[in-house]
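1. Okay, sequence plus prediction incoming.
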Amino acid sequence: MQMMNKNGFSRCAESYIGRLRKEGRYSTAHVYKNAIFSFSKFCGTSNVSFRQITRERLRCYGQYLYECGLKLNTISTYMRMLRSIYNRGVEAGSAPYIPRLFHDVYTGVDVCQKKALSVSELYKLLYEDPQSERLRRTQAIAALMFQFCGMSFADLAHLEKSALDQNVLRYNRIKTKTPMSVEVLNTAKEIINQLRSKETSHPDCPDYLFDILRGDKKRTDERGYREYQSALCRFNNSLKDLARALHLQSPVTSYTLRHKWEYYKNITVCI
């Protein structure tokens with residue numbers, strides 16, 4: 001068995017991922033893990049050294065990811081993860097500093113990747129009856145995300161009962177910790193009651209507003225992160241089923257609902 005170089009790229013990445021997990025940053029750790037696994041597979045070894053991080057290898061890796069069908073934003077994310085580990089190695093004195101090492105690979109943001117649903121498709125997605133109880137629930141969650149100013153699925157799933165104060169939701173965003181206030185419209189109140197959790201709260205655990213997560217795990221428990229990931233996967237799969245049931249042509253994900261709010265907010269009165 002090949003010994004792990006204690007000062008190598010893979011060891012540096014493993015150490016940083018472990019640190020992220022200890023800090024409870026499981027989502028970030030998950031992204032790093034996927035990026036490092038992908039690059040290690042490309043290099044043909046689980047013990048990548050810093051000497052293997054060359055401009056030519058990175059360029060070939062980027063081309064490999066593109067040929068595998070990955071989107072530009074995913075490729076950029078992987079490259080930025082690799083760059084972050086490399087920079088940590090340089091700071092620790094484990095890797096030589098090579099100017100503009102990542103100059104030839106894509107590390108930007110492809111804004112053209114985002115696609116908006118048409119007005120008619122958005123209306124069908126949120127209001128047309130899919131003739132299925134399971135899909136009606138998915139539709140209700142999607143409608144709340146849209147009505148709550150394009151709220152992310154993560155923020156919606158982690159809302160606690162204490163966040164709802166009469167007609168206002170007050171919470172901190174999961175990703176940025178930014179404090180937010182959202183007015184609850186009359187059209188959302190019935191959906192809130194429909195999705196409201198009836199679970200009894202557990203000591204030292206979140207008392208969730210909606211029955212998306214069970215609320216029987218502490219926020220710092222990694223099992224809670226895995227439960228959320230499973231819920232997100234089920235929701236995205238159900239959104240695809242909903243789109244097919246309603247004969248929509250455009251792809252729909254939780255990401256679509258989150259990032260298209262700004263585009264549609266000026267026409268919500270019309271729909």
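-> Yep, it's here.
2. tell me which strands and helices the strand or helix carrying residue 11 is in contact with?
-> Using DSSP states H and E, the element containing residue 11 is helix 9-22. Helices and strands touching helix 9-22, by 3 or more Cβ pairs under 8 Å, 6 or more residues apart in numbering; DSSP states H and E, are helix 26-43, helix 72-91. In short, each C-beta sits where N, CA and C put it, glycine included.
3. Same question for the longest helix belonging to the chain: list its buried residues.
-> In the chain, with assignment by DSSP state H, the single longest helix is helix 222-245. Across helix 222-245, burial judged by 16 or more other Cβ atoms under 10 Å covers 224-225, 227-228, 231-232, 235-236, 238-239, 242-243, 245.
4. Please convert those to a markdown table, extending it with distance to residue 162 and pLDDT.
-> Below are the buried residues of helix 222-245 laid out as a markdown table (distance: Cβ to Cβ, whole Å; pLDDT from 0 to 100):
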| residue | distance to residue 162 | pLDDT |
| --- | --- | --- |
| 224 | 18 | 92 |
| 225 | 21 | 92 |
| 227 | 20 | 95 |
| 228 | 19 | 94 |
| 231 | 21 | 96 |
| 232 | 23 | 95 |
| 235 | 23 | 96 |
| 236 | 28 | 94 |
| 238 | 28 | 97 |
| 239 | 28 | 95 |
| 242 | 30 | 97 |
| 243 | 34 | 95 |
| 245 | 35 | 97 |
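5. How about the helix holding residue 11, which residues are buried there?
-> Across helix 9-22, burial judged by 16+ other Cβ under 10 Å covers 9-14, 16-17, 20-21.
6. in what helix or strand does residue 100 lie?
-> Using DSSP H and E, no helix or strand contains residue 100.
7. so where's the stretch 101-250 of the chain shaky on pLDDT?
-> 111-116 (pLDDT under 70).
8. Quick one: the helices in it, in order.
-> In the stretch 101-250 of the chain, the helices defined using DSSP state H, counting those that start in this stretch lie at 119-127, 133-147, 153-157, 186-195, 222-245.
9. can you list the domains in this protein?
-> 9-112, 116-270 (automatic domain parsing).
10. and residue 93, how many neighbours does it have?
-> When counting by other Cβ atoms under 10 Å, one arrives at 8 neighbours for residue 93.
11. cool, and residue 202?
-> Residue 202, neighbours per other Cβ under 10 Å, totals 13.
12. nearest residue to it other than its sequence neighbours?
-> Once flanking residues are discounted, residue 202 sits nearest to residue 216: 5.1 Å by Cβ to Cβ, 6 or more residues apart in numbering.
13. pretty sure the one you found is in contact with residue 206, am I right?
-> No: with contact defined as Cβ atoms under 8 Å, residue 216 does not count as touching residue 206 (9.4 Å).
14. Which one's more surrounded, those two?
-> Between residue 216 and residue 206, counted using other Cβ under 10 Å, the more crowded position is residue 206 (20 against 15).
15. Assess the claim that the more buried one and residue 161 are in contact.
-> No: no contact is recorded between residue 206 and residue 161 when judged using Cβ under 8 Å, the distance being 9.2 Å.
16. what's residue 31 in contact with, if anything?
-> Residues in contact with residue 31 (Cβ atoms under 8 Å, 6 or more residues apart in numbering) are 77, 81.
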